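Undergrad: Okay, predicted coordinates and the sequence, questions at the end:
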Number of protein chains: 2
Amino acid sequence: MSVKILSGHPVAEKHKQLIGKRIDLLKKENIVPTLAAILVGDDPASKIYVNTKHKIFTKHNCKSIVYEKNSVITESDLISFIDSLNLDSNIHGILVQLPLPKHLDEKKILSSIDPNKDVDGFHPINVGKILIGTPNFIPCTPYGCLEILKFYKINVRSKHVVILGRSNIVGKPLMALLSQKFEVGNATVTICHTGTPDLKLYTRIADIIIVAIGIPLFLKSNMVKNGVDIIDVGINRLKDDSKKGYRIVGDVDYEDIIGKVNSITPVPGGVGPMTITMLLSNTVLAAERKLLKET
Amino acid sequence: MSVKILSGHPVAEKHKQLIGKRIDLLKKENIVPTLAAILVGDDPASKIYVNTKHKIFTKHNCKSIVYEKNSVITESDLISFIDSLNLDSNIHGILVQLPLPKHLDEKKILSSIDPNKDVDGFHPINVGKILIGTPNFIPCTPYGCLEILKFYKINVRSKHVVILGRSNIVGKPLMALLSQKFEVGNATVTICHTGTPDLKLYTRIADIIIVAIGIPLFLKSNMVKNGVDIIDVGINRLKDDSKKGYRIVGDVDYEDIIGKVNSITPVPGGVGPMTITMLLSNTVLAAERKLLKET
């Protein structure tokens, strides 16, 4: 059986080309899609994420403004600051890099972002719109998963999709998206999590498995049926003897499972490249919508 | 095997007693929980629903004001009217009886209700809060299902719950609720719908089945395993030779399946009596929250 490797790079590339054309059209109207990224504290991983986003935005003739805030900022000060960005007509998208320091209520902070600038799709009203079936912004990682499935023509309609992990960022929005009558949807969806006593019962009958649990090399060949399609959302550091001292692996034991699958996303290079691309797409969408409202 | 019949009446009764005590406490503060129910047009079934709610509210020393609107009301007039109720401090809960005439955008109308008065739990922000895991108001029918499971000690934790039907009113909120780490939750949840080619594949491995598809007598004994627990949300009229010319049946073929189940809700008398009770509960909750905010 030949295995289809679902690289995210050509999917991201195709999207970036389309997005580029949309950015050019906006430019003719003197609009530069602009993202405000708020970084609270000095978590090194968060800094890397924000910088990567910044580079991609700049590279694609969009603007990204990074606001670094001291980790001791109060909740009300942060919300006031977000409010000022909500009112700033030059800002199209607002992103608060997670996780936040513990004294800040993440849900309260995310709820303070104008839903029409919520390009991460984490505001409860945007989450609700997904479940109701009328999405405003689709969160970037789930969005990337859907676009990979679409690009490689992995049909999800009428299929049994098993999702491992119920995070607000990946698992739950994917459950909401894939069970709807959407183009990439209409699947029978099962959501498994830490409360599922025997995951194999579900993964073994799945046509498609999406794993987003943050446990390196978790999904093994004895847990899946032949010909399964797998989307691996995990990005984990695994210590090894290399110079760097680690390698990046997914939640799927790729080497172990590869002989049994029809298709699988690699890690790195699968879902990863899609996430930022979809953030770019959502920010351009926000700018387009604003223009449409004004004209 | 003795079958447990999950009558909704004792569950509703227990809740009404608790709610009664809360209403008495509010009375001491000169507050009468008040529901504004908007009925657009003259659909006879809708009239019956609104009247039944009105009677229950009145019986329990709450207030229900029914606003009848002509079926030709414009969207903007209806939204303006809802706005006036949003601002009216004597109104704690607002309900728009569905379905609405076709010229009115249901989602737009429901979104115009103040989320803190949205006792039906249909506003996108309240739907989103459920999926995120921090519910504001739980929609009444799913809420009733959860309370029946709790009352009869049908454990859902670590169980496989299969939901048939993906409506915004029942199936989707239940999927969101039961998959969370809630008291009645932490289940592995599968959602099936018209896009599921062979439902039996899922219903036969389910520990608990919740049916909300609106097809009379759909679920049969050959579709379930022995000892399953069943919540039947369906309320259908089936023509017969009786004086009335019909009888009320659920989505489950009760007579056919009864020998195989561990427990089952009857229809009528199962989930039905719970729905209005939870509406009462949500309205009292809205009044309590308003009082708490003011003191």
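TA: Yep, it's here.
Undergrad: Check what pLDDT the nearest residue to A:P216 once chain neighbours are set aside gets.
TA: What sits nearest to A:P216 in space, not counting adjacent residues and going by Cβ to Cβ, 6 or more residues apart in numbering or on different chains, is A:N236, at 3.9 Å. C-beta coordinates here come from the backbone N, C-alpha and C atoms, glycine included. You'll see A:N236 listed with a pLDDT of 96.
Undergrad: Could you do the one 4 residues further on as well?
TA: pLDDT recorded at A:D240 is 94.
Undergrad: Check A:M1 too.
TA: 61.
Undergrad: quick revisit: bridge partners for the residue nearest to A:P216, pull those for me.
TA: Taking DSSP bridges, one finds A:V249 as the beta-bridge partners of A:N236.
Undergrad: Let's verify the residue of the stretch 51-200 of chain A found nearest chain B: helix, strand, or coil?
TA: Scanning the stretch 51-200 of chain A for the residue nearest chain B gives A:G128, at 3.0 Å (criterion: Cβ to the nearest Cβ). At A:G128, secondary structure determined by DSSP: H, G, I helix; E, B strand; the rest coil is helix.
Undergrad: Give me the neighbour count for the residue nearest to it when sequence neighbours are not counted.
TA: Using Cβ to Cβ, 6+ apart and skipping residues adjacent in sequence, the residue nearest A:G128 is B:G128, 3.0 Å away. By other Cβ atoms under 10 Å in any protein chain shown, 27 other residues sit near B:G128.
Undergrad: Might one say that B:G128 is in contact with A:P124?
TA: Yes. Taking contacts as Cβ atoms under 8 Å, B:G128 lies within contact range of A:P124: 3.5 Å.
Undergrad: Please verify my assumption that A:V211 contacts A:L219.
TA: Yes. In terms of Cβ under 8 Å, A:V211 counts as a neighbour of A:L219; the distance is 5.4 Å.
Undergrad: Which neighbours do these two have in common?
TA: Common neighbours of A:V211 and A:L219, counting by Cβ atoms under 8 Å, 6 or more residues apart in numbering or on different chains, are A:L164, A:I230, A:D232, A:D251, A:V252.
Undergrad: who wins for most neighbours among these?
TA: Counting neighbours by other Cβ under 10 Å, the top entry in the shared contacts of A:V211 and A:L219 is A:V252, with 31 neighbours.
Undergrad: Please list all residues in contact with that residue.
TA: A:V211, A:L217, A:F218, A:L219, A:I230, A:D232, A:G234, A:I264, A:V267.
Undergrad: What sits closest to the second one if chain neighbours are left out?
TA: For A:L217, the nearest residue in space outside its immediate sequence neighbours is A:D253; the separation is 4.1 Å by Cβ to Cβ, 6+ apart.
Undergrad: again, but for the third one
TA: Beyond its immediate neighbours in the sequence, the residue positioned closest to A:F218 (Cβ to Cβ, 6+ apart) is A:D251, lying 4.9 Å away.
Undergrad: got the phi/psi numbers for that neighbour?
TA: A:D251 has phi and psi values of phi -80, psi 0 when expressed as degrees, to the nearest 10.
Undergrad: do A:I210 as well
TA: Dihedral angles for A:I210 - degrees, to the nearest 10 - are phi -120, psi 120.
Undergrad: Show me how the record splits chain A into domains.
TA: A:31-114, A:140-272 (automatic domain parsing).
Undergrad: Quick one: check the shortest one for contact with chain B.
TA: Yes. Remark: domain A:31-114 sits within contact range of chain B at A:K107, by Cβ under 8 Å from any Cβ of the partner chain.
Undergrad: mind checking the end-to-end distance for that domain?
TA: 19 Å (Cα to Cα, to the nearest Å).
Undergrad: And stretch A:254-264, by the same measure?
TA: 8 Å.
Undergrad: ok, residues contacting it?
TA: Contacts for stretch A:254-264 (Cβ under 8 Å, 6+ apart): A:1, A:3-6, A:152, A:154, A:217, A:219-221, A:224-232, A:252, A:266-267, A:270.
Undergrad: Could you rerun that using 6 Å?
TA: A:V3, A:K4, A:L6, A:K220, A:S221, A:V224, A:N226, A:G227, A:V228, A:D229, A:I230 (Cβ atoms under 6 Å, 6 or more residues apart in numbering or on different chains).
Undergrad: Can you tell me which of those residues end up in strands?
TA: A:K4, A:V228, A:D229, A:I230 (DSSP state E).
Undergrad: picking that back up, for the residue nearest to A:L217, give me the pLDDT.
TA: Model confidence at A:D253 (pLDDT) stands at 98.
Undergrad: Then the one 5 residues further on?
TA: The predicted local distance difference test score for A:I258 is 98.
Undergrad: any chance you could map the strands in chain A?
TA: A:4-5, A:34-40, A:63-69, A:93-96, A:160-164, A:188-192, A:208-211, A:228-232, A:236-239, A:246-249, A:261-264.
Undergrad: Tell me which of those is the most buried.
TA: Among the strands of chain A, strand A:188-192 has the highest mean neighbour count (mean count of other Cβ atoms under 10 Å in any protein chain shown), at a mean of 28.
Undergrad: and it, average pLDDT?
TA: 98.
Undergrad: what helices or strands is that strand leaning on?
TA: Under the contact criterion of 3 or more Cβ pairs under 6 Å, 6 or more residues apart in numbering or on different chains; DSSP states H and E, strand A:188-192 touches strand A:160-164, helix A:171-178, strand B:188-192.
Undergrad: Residues contacting that strand, please?
TA: A:160-164, A:166, A:175, A:178-179, A:199, A:202, B:179, B:188-192, B:196.
Undergrad: buried sites along stretch A:201-210?
TA: Under the neighbour-count criterion of 16 or more other Cβ atoms under 10 Å in any protein chain shown, stretch A:201-210 has A:L201, A:Y202, A:T203, A:I205, A:A206, A:D207, A:I208, A:I209, A:I210 buried.
Undergrad: Closest to chain B out of these?
TA: A:Y202 (6.6 Å).
Undergrad: Could you check the pLDDT of that closest one?
TA: pLDDT, A:Y202: 98.
Undergrad: can you give me how far stretch A:161-172 is from the chain middle?
TA: 11 Å (Cα atoms, centre = their mean, to the nearest Å).
Undergrad: Could you do stretch A:128-138 as well?
TA: The answer for stretch A:128-138 is 15 Å, by Cα atoms, centre = their mean.
Undergrad: List the buried residues in that stretch.
TA: A:G128, A:K129, A:I130, A:L131, A:I132, A:G133, A:P135, A:N136, A:F137, A:I138.
Undergrad: show me what contacts the second one?
TA: It refers to A:K129. A:P135, A:N136, B:P124.
Undergrad: hang on, the earlier thing: which ones are touching the residue nearest to A:F218?
TA: Contacts of A:D251 (Cβ under 6 Å, 6+ apart): A:V211, A:I213, A:I215, A:F218, A:D232, A:G234.
Undergrad: how about 7 Å then?
TA: Shown in contact with A:D251 (Cβ atoms under 7 Å, 6 or more residues apart in numbering or on different chains): A:V211, A:A212, A:I213, A:G214, A:I215, A:P216, A:F218, A:L219, A:D232, A:V233, A:G234.
Undergrad: surely A:R237 meets A:Y246?
TA: Yes. Using Cβ atoms under 7 Å, A:R237 makes contact with A:Y246 at a distance of 4.4 Å.
Undergrad: Send me stretch A:181-195 as CSV with only the CA atoms.
TA: Taking Å, rounded to 0.1, in the frame of the first residue of the first chain, the C-alpha atoms of stretch A:181-195 are listed here in CSV:
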residue,chain,number,x,y,z
LYS,A,181,-23.3,19.9,6.9
PHE,A,182,-20.2,21.8,5.7
GLU,A,183,-18.1,21.2,2.6
VAL,A,184,-15.5,19.5,4.8
GLY,A,185,-18.0,18.0,7.2
ASN,A,186,-21.1,15.8,7.6
ALA,A,187,-18.9,13.2,9.3
THR,A,188,-20.0,11.1,12.2
VAL,A,189,-17.8,12.4,14.9
THR,A,190,-16.5,10.8,18.2
ILE,A,191,-14.6,12.8,20.7
CYS,A,192,-12.3,10.9,23.1
HIS,A,193,-10.3,12.4,25.9
THR,A,194,-8.7,11.6,29.3
GLY,A,195,-12.1,10.4,30.5
